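Undergrad: can't give you the sequence, but here's the structure:
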Ligand SMILES: NC(=O)c1ccc[n+]([C@@H]2O[C@H](COP(=O)([O-])OP(=O)(O)OC[C@H]3O[C@@H](n4cnc5c(N)ncnc54)[C@H](OP(=O)(O)O)[C@@H]3O)[C@@H](O)[C@H]2O)c1
């Protein structure tokens with residue numbers, strides 16, 4: 001029997017993630033989408049007619065919620081072929097997660113680190129395992145000082161850039177740790193896309209969203225860039241901007257920093273630094 005590809009997409013209730021699900025739902029995929037709340041998941045599910053998509057709620061700043069999500073996925077699906085770490089948020093007013101970690105870093109990077117590690121065994125049972133991190137061109141402005149992960153004095157853009165740089169460093173170090181496997185890990189900038197990324201930030205969020213939607217491209221354009229990483233060959237350990245391979249900055253290529261980030265992330269998530277697969 002023809003086997004469908006099981007794909008997990010975080011942040012699938014809105015924007016680029018939602019549109020990516022739309023493009024995939026008419027194809028050979030079983031889609032597991034996530035959103036931050038039960039309501040956003042129910043609302044998103046209603047917009048799909050086919051039965052090849054499920055939504056699970058998971059707050060990526062809450063490690064218990066992530067563990068619950070991975071348990072649900074583990075019990076329902078024998079294999080996960082592709083994980084797209086897409087969910088993202090930009091906090092105009094600095095916040096901390098329940099563990100005291102700055103929340104942009106927590107949602108955009110650390111939550112995905114934990115989810116990826118929890119699902120990794122399952123992903124590696126696939127014939128075509130793939131992990132995609134939806135990062136941003138903003139990573140180029142990122143500075144990562146690992147002693148400052150609880151610092152709420154960063155500007156919103158500094159915190160966002162740091163989280164996006166961390167996603168790229170995660171790709172680098174995970175690729176190195178899994179070099180003997182057949183996995184494909186890549187990251188991307190989806191383009192400037194008019195979405196709700198800035199919206200849940202009070203008055204300023206609403207105002208900035210108007211501007212973002214005015215200058216940004218369509219979610220379809222962003223989703224097609226994600227689709228490129230889902231479907232293309234020879235993307236391993238690479239970063240794509242608008243579906244074109246781009247060289248990384250020296251900072252994003254710093255494997256020692258990536259290693260340190262890995263170790264601290266493991267500790268923060270209560271995991272071994274050693275990858276047992
Ligand atoms: N839009 C751009 O111009 C642009 C540019 C570069 C990179 N990106 C990246 O593209 C990705 C998608 O963003 P988007 O622009 O499509 O934004 P969006 O429309 O706001 O979608 C963000 C998604 O992330 C989810 N999310 C937010 N906070 C979460 C949390 N605490 N836990 C779990 N899920 C959470 C949201 O779920 P709920 O709706 O259920 O809260 C939503 O599904 C992000 O990683 C973003 O950084 C966007």
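TA: Perfect, thanks for sending it. In this text the structure is predicted, and so the values were computed from the model without any measurement.

Undergrad: now the strand or helix carrying residue 239: mean pLDDT?
TA: Remark: residue 239 resides in strand 238-241, with elements defined by DSSP states H and E. Strand 238-241 carries an average pLDDT of 98.

Undergrad: can you tell if it touches the ligand?
TA: No - Strand 238-241 does not reach the ligand (CB under 6 Å from any ligand atom); its nearest approach is 9.6 Å. Quick note: C-beta positions are derived from backbone N, CA and C, even for glycine.

Undergrad: Partner strands of that strand and their direction?
TA: strand 184-189 (parallel), strand 244-246 (antiparallel) (DSSP bridges).

Undergrad: who wins for proximity to the ligand among these?
TA: Counting by CB to the nearest ligand atom, the ligand lies closest to strand 184-189 out of the strands paired with strand 238-241; the figure is 5.6 Å.

Undergrad: contacting residues for whichever residue of the stretch 151-277 of the chain sits closest to the ligand?
TA: In the stretch 151-277 of the chain, the residue found nearest to the ligand is residue 195; the distance is 3.3 Å by CB to the nearest ligand atom. When contacts are counted by CB atoms under 8 Å, 6 or more residues apart in numbering, residue 195 touches 14-16, 212-213, 216, 219, 222.

Undergrad: can we see that at 7 Å?
TA: By CB atoms under 7 Å, 6 or more residues apart in numbering, the residues touching residue 195 are 14-16, 216, 219.

Undergrad: Kindly report the same for residue 215.
TA: residue 192.

Undergrad: Mind doing that once more with 8 Å?
TA: Here residue 215 is in contact with 192, 194 (CB under 8 Å, 6+ apart).

Undergrad: How many residues are close by the residue lying closest to residue 213 once chain neighbours are set aside?
TA: Using CB to CB, 6 or more residues apart in numbering and skipping the chain neighbours, the partner closest in space to residue 213 is residue 194 (3.6 Å). Other residues within reach of residue 194, judged by other CB atoms under 10 Å, total 19.

Undergrad: now residue 8
TA: Around residue 8 there are 28 residues (other CB under 10 Å).

Undergrad: what does residue 92 give?
TA: Going by other CB under 10 Å, the residues that sit close to residue 92 add up to 17.

Undergrad: now do residue 50
TA: 8.

Undergrad: doesn't residue 154 fall inside a strand?
TA: No - under DSSP: H, G, I helix; E, B strand; the rest coil, residue 154 falls outside any strand and is assigned coil.
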